[in-house]
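> Sequence plus predicted model, see below.
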Amino acid sequence: MNAIHLGTWDLLAAALSLALRLGVHRQILVAALRMVVQLAIVGMVLRSVFAAASPLATAAVVLFMVGAAAREVATRPKQRLKRHMNYQISAAVVACAGFATVLLALTTAVRPDPWYAPRYAIPLMGIVLGSVLNAASLALDGVLDGVVRERGRIEARLALGTPLREALGPLVRNATRRGMIPVANQMSAAGIITLPGIMTGQLLAGMDPMEAVKYQILLMFLLAGASGLASVGAALLAVRALGDERQRLRVDRLRV
Amino acid sequence: MSSQSAALLSARGMRSPFGGPFDFDLRAGECVAIQGPSGAGKSVLLRMLADLDPHEGEALLDGRSNKTMPAPAWRSQVVYQAAEPAWWEATAAEHFSDEQRGFVDETLAALGLSAALLDSEIERLSTGERQRLALVRSLAAAPRVLLLDEPTAALDPDSVAQAEALLASCLAQGMAILIVTHSAEQAGRLAQRIFHLDGGRLATA
């Protein structure tokens, strides 16, 4: 496998961004570089953590992953809330959705021994966090961006005596839906348009297709649940941060 | 200044970083015009009165503080209409409840608007039509105090006259109106008193 040659594909994406003035070429290049370095480090760390099989080391890795995902969610939206509320919301959502989903999987479907076995806990957390990250950042961006765009409409409703909750309802529903779209696409495309990552990995590693499919179905349900939790959580917490006790829309809580 | 008991709406020490403190009374059936240069804080004052912006001090309706009632209850009695009213559904009709329909039809006629406008897409209406529909929407909420920000800026003289006649009839029924207007003539026709706002400070004329 020659990853260096495949890297030109990434450069192509960056060149496209430059040509079409999408303004994301820097982001794409930085992301590509980060991806390579991150994966190399992870490979080395996992090897030693798996070998040690210590609960403490597992917890440390998992917490680090959760922190990194939360940071990613917080910094993705264009709009930022003042007083680091982006970070607080992201940390709460990512941690809740991530831990709830992984603990559910470990204690019911997977049942490794011990339950925190790093070979299961860490990859599970990883794939769940991937979905959570997508869902939470899309939902958070949906609310923060939507509130700026829809400000006039929301305040027009407030001015006529509509409760804030009701005036923000369409926005919250839209943002939540946006957060759920990736996992919905992933599920409907699975097997026909794409072979999901985990399954591909297991097939490449020589596993029986039916076994691989079983794992994939379990995973998809976990990811759907996690995405739902993350979308709803991010949207609701963001909306809470943008309202006050007098049911005003506090756009001033966004940093300009 | 009127006595406290006769005041329908009172501002008491209302201030925010953008202006104030504001202290004044508005009686039932009274219209006060607010004039002043752009950026003087006229809209800020209206938004504070509607409790849409954070502020210090309080507003009283019939002597009852806005802080003693839920914000939506306050805002449905003290209705603020922005200079560029926004619409959240595709057609105007969807902004009204069935119970409001009778009132809406009457009011549209008073403003010289056809009822057919209700089912047109908002995007296709003229600015003047939208502005008058917004007035209908505000009045349909049956407010006790109406806070209007340049409600007739986009209208031709005939339409302005119709809108003013409608507002005058609301005043006669005991509504109080605070109107921000650039037109000294309009202020003279509608208002019993005129406030001048400059640099966030209020002066009564």
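Right, received. Where do you want to start?

> what's the pLDDT at the residue of chain B found nearest chain A?
Across chain B, no residue is closer to chain A than B:Ser76, which sits at 2.6 Å (C-beta to the nearest C-beta). Placement of C-beta: from N, CA and C, glycine included. pLDDT for B:Ser76: 95.

> what's the answer for B:Arg201, then?
Model confidence at B:Arg201, given as pLDDT, is 83.

> beta partners for it?
Per DSSP bridges, the residues bridged to B:Arg201 are B:Asp198.

> wait, isn't it in contact with B:Phe22?
No - when contacts are counted by C-beta atoms under 8 Å, B:Arg201 is not listed as touching B:Phe22 (9.0 Å).

> out of the two, which sits in the busier spot?
Taking other C-beta atoms under 10 Å in any protein chain shown, B:Arg201 and B:Phe22 do not tie; B:Phe22 has more neighbours (24 against 14).

> What helix or strand is A:Thr162 located in?
Following DSSP states H and E, there is no helix or strand that holds A:Thr162.

> Just want the phi and psi numbers for the residue of the stretch 101-250 of chain A at minimum distance from chain B.
For the stretch 101-250 of chain A, the residue positioned closest to chain B under C-beta to the nearest C-beta is A:Gly161, at a distance of 2.6 Å. Main-chain torsions, A:Gly161, degrees, to the nearest 10: phi 100, psi 10.

> what does chain B have sitting close to chain A?
Within chain B, the positions lying close to chain A (C-beta under 8 Å from any C-beta of the partner chain) are B:50-54, B:70-73, B:75-77, B:79-82, B:84-88, B:137-138, B:141.

> Can you mark which positions in the host helix or strand of A:Ser90 are buried?
Following DSSP H and E, one finds A:Ser90 within helix A:85-104. Along helix A:85-104, these residues count as buried under the neighbour rule (16 or more other C-beta atoms under 10 Å in any protein chain shown): A:85-87, A:89-91, A:93-95, A:97-98, A:101-102.

> and what of stretch A:115-132?
A:116-118, A:120-122, A:124-132.

> before we move on, what about stretch A:37-54?
A:46, A:49.

> Check stretch A:68-81 too.
Per 16+ other C-beta under 10 Å, stretch A:68-81 contains these buried residues: A:69-74, A:76-77, A:79-81.

> follow-up on the earlier one: near chain B too, which of the buried residues of helix A:85-104?
Taking C-beta under 8 Å from any C-beta as the test, chain B is in contact with none of these.

> What is the nearest of the residues you listed to A:Met65?
Closest approach to A:Met65 among the buried residues of helix A:85-104 (C-beta to C-beta): A:Gly98, at 8.1 Å.

> which outside residues touch the worst-scoring helix or strand of chain A on mean pLDDT?
Least confident helix or strand of chain A, by mean pLDDT, DSSP states H and E, is helix A:3-19 with a mean of 73. Residues from elsewhere that reach helix A:3-19 (C-beta atoms under 8 Å, 6 or more residues apart in numbering or on different chains): A:22-25, A:28-29, A:32, A:36.

> Next: stretch B:85-102.
Stretch B:85-102 is contacted from outside by A:152-157, A:170, B:104, B:117-122, B:125, B:130-131, B:133-134, B:137, B:140, using C-beta under 8 Å, 6+ apart.

> And the buried ones among those residues, selectable in ChimeraX?
Per 16+ other C-beta under 10 Å, the buried members of those correspond to this ChimeraX selection:
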select /A:153,154,155,156,157,170 /B:104,117,118,120,122,125,130,131,133,134,137,140
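
> Give me the subset of the contacts of stretch B:85-102 lying in helices.
A:152-157, A:170, B:104, B:130-131, B:133-134, B:137, B:140 (DSSP state H).

> how about the residues of chain A that lie near chain B?
Counting by C-beta under 8 Å from any C-beta, chain A sits next to chain B at A:152-164, A:170, A:244, A:246-250, A:252.

> let's see 7 Å
Within chain A, the residues that sit near chain B (C-beta under 7 Å from any C-beta of the partner chain) are A:152-153, A:155-163, A:246-248.

> May I see those arranged in a markdown table, with pLDDT as well?
Output for the residues of chain A next to chain B, formatted as a markdown table (pLDDT from 0 to 100):
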| residue | pLDDT |
| --- | --- |
| A:Gly152 | 94 |
| A:Arg153 | 95 |
| A:Glu155 | 96 |
| A:Ala156 | 96 |
| A:Arg157 | 96 |
| A:Leu158 | 96 |
| A:Ala159 | 96 |
| A:Leu160 | 95 |
| A:Gly161 | 94 |
| A:Thr162 | 95 |
| A:Pro163 | 96 |
| A:Arg246 | 93 |
| A:Gln247 | 95 |
| A:Arg248 | 94 |
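
> Could you list the low-confidence segments of chain B?
B:1-5, B:205 (pLDDT under 70).

> what about the helices in it?
Along chain B, counting by DSSP H, helices occupy B:42-49, B:71-77, B:101-110, B:127-140, B:157-172, B:184-190.

> Ranking those by mean neighbour count, which comes first?
helix B:42-49 (a mean of 25; mean count of other C-beta atoms under 10 Å in any protein chain shown).

> ok so, going back, A:Ala234: which of the helices of chain B is closest?
When these are ranked by proximity to A:Ala234 (C-beta to C-beta), helix B:71-77 comes first, at 25.3 Å.

> okay, now the domains of chain A?
For chain A, automatic domain parsing gives the domain ranges A:1-52, A:55-253.

> least reliable of these going by mean pLDDT?
Looking at the domains of chain A, the weakest mean confidence is domain A:1-52, a mean of 80.

> Noted, bye for now.
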